[in-house]
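**Q** next come a sequence and a model predicted from it.
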Amino acid sequence: MFEKYRLKRPAEFTRLVGVSPGTFQIILDKLEAEILRFKQQKPIRQRGLKSSLTIADRLLLTLVYLRQYHTFLELGEMFSISESYALKRYTFITARLLKALDLPNDKSPTTGNLTLVSDVTEQEIERPVRGQRSFYSGKKSDAR
């Protein structure tokens, strides 16, 4: 999935993911180092089946979720995994990202002089310019 996103123009990539391709690569390098460190500390985590998703795909899944707030069912469909596995990967990568980027691990987005800002602004919904009368009668409904 990341390979498909990587081929997009940088402005398009940024709009979809929330970070520029260069920033994505920096985060990915730090995340890979953190996951390697985590697995060395807990060698039992290396057993079992290997994930069908690369670390880049897992990071992309996490950033797409944070940017667009898809449901995990939708993310599972996008990445060809189950809904529960999408949630599991998101939870794991989020915890590793907090450590890799040296962010505080609490529920508050602000701590001291550090402020975490996530760009999730609303997109304008296009409405019909002509023929709106067919969608709206002008009457107020009394919803009781």
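**A** That came through, no problem. Numbering: from 1, shown residues only.

**Q** hang on, L59 packs against L28?
**A** Yes. L59 is within contact range of L28, at 5.6 Å (criterion: C-beta atoms under 8 Å). Quick note: C-beta positions are derived from backbone N, CA and C, even for glycine.

**Q** more crowded one of these two?
**A** L59 (23 against 18; other C-beta atoms under 10 Å).

**Q** and the helix or strand hosting the more buried one, what does it pack onto?
**A** Assigned by DSSP states H and E, L59 belongs to helix 55-68. With contacts taken as 3 or more C-beta pairs under 8 Å, 6 or more residues apart in numbering; DSSP states H and E, helix 55-68 sits against helix 2-6, helix 10-17, helix 21-41, helix 72-79, helix 83-100.

**Q** lowest average confidence, helix or strand, in this protein?
**A** Across the helices and strands of the chain, mean confidence by mean pLDDT, DSSP states H and E is lowest for strand 110-111: a mean of 48.

**Q** could you find the closest non-adjacent residue to the residue nearest in space to the middle of the chain?
**A** Computing the C-alpha centroid of the chain and ranking residues by C-alpha atoms, centre = their mean puts L63 first, at 2.3 Å. In this structure, L63 finds its nearest non-sequential neighbour in V17, 4.9 Å apart by C-beta to C-beta, 6 or more residues apart in numbering.

**Q** low-scoring pLDDT stretches of the protein, where are they?
**A** For the chain, the stretches with pLDDT under 70 are 104-138, 140-144.

**Q** ok, now with 80
**A** 1-7, 43-51, 102-144 (pLDDT under 80).

**Q** wait, R45 touches R37, no?
**A** No. R45 is beyond contact range of R37, at 11.6 Å (criterion: C-beta under 8 Å).

**Q** how far away is the residue lying closest to Q46 once chain neighbours are set aside from F92?
**A** Counting by C-beta to C-beta, 6+ apart, Q46 lies nearest to K39, which is 5.6 Å off, once chain neighbours are set aside. According to C-beta to C-beta, to the nearest Å, K39 stands 12 Å off from F92.
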